[in-house]
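Colleague: sequence below, structure please.
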Amino acid sequence: MAAPFDWDPFSSDDDPVVRSDELRRQCPIAHSEALGWSLFRHRDVMRALTDHATFSNAVSVRRTVPNGMDPPEHTGYRRVIEPCFSADRTRAMQPCCRVLIGELVEQGDDVPSTAIRDLNRSSSSTSCRGALVWCEVPCSNSRR
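Modeller: Model (predicted):
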């Protein structure tokens with residue numbers, strides 16, 4: 001018999017801030033069907049970020065760069081990618097990203113909050129369009 005889940009991050013019955021505070025006190029490493037394992041205490045998050053032997057990012061046979069790699073393997077890739085996330089580059093992309101997010105929000109206007117889980121269908125397209133923005137494809141061309 002499967003163990004019950006500790007929480008439902010998409011529940012409309014709970015105030016997410018209140019529920020997160022409760023979990024931080026009572027169940028700081030909680031499991032949900034939607035997200036898997038979630039850490040709620042700062043020290044636990046910091047340990048997971050820095051203890052690569054215990055908390056590995058290499059979780060799949062499919063290589064993802066750099067998030068699916070642990071140091072030192074990911075370091076070279078990060079060096080190449082990091083300039084794309086500079087403050088100037090991020091600021092320059094804000095207008096186009098705001099358009100993309102605005103479109104995503106508009107798609108959800110008529111959707112009841114219980115259907116937010118289905119956002120993955122829309123967010124996949126938005127993620128692809130966002131990646132095109134990072135590649136400096138103009139917003140007007142990202143729908144093609």
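
Colleague: and Leu23, that one's in a helix?
Modeller: Yes - per DSSP: H, G, I helix; E, B strand; the rest coil, Leu23 lies within a helix segment.

Colleague: from Phe40, how far off is it?
Modeller: 5 Å (CB to CB, to the nearest Å). Placement of C-beta: from N, CA and C, glycine included.

Colleague: joint contacts of those two?
Modeller: Ala30 (CB atoms under 8 Å, 6 or more residues apart in numbering).

Colleague: how many neighbouring residues does Arg47 have?
Modeller: 13 (other CB atoms under 10 Å).

Colleague: for it, what are its contacts?
Modeller: 54-55.

Colleague: element containing it, please.
Modeller: helix 42-50 (DSSP states H and E).

Colleague: again with Pro9
Modeller: Going by DSSP H and E, Pro9 is not part of any helix or strand.

Colleague: hang on, isn't it packed against Ala34?
Modeller: Yes - using CB atoms under 8 Å, Pro9 is in contact with Ala34, at 5.6 Å.
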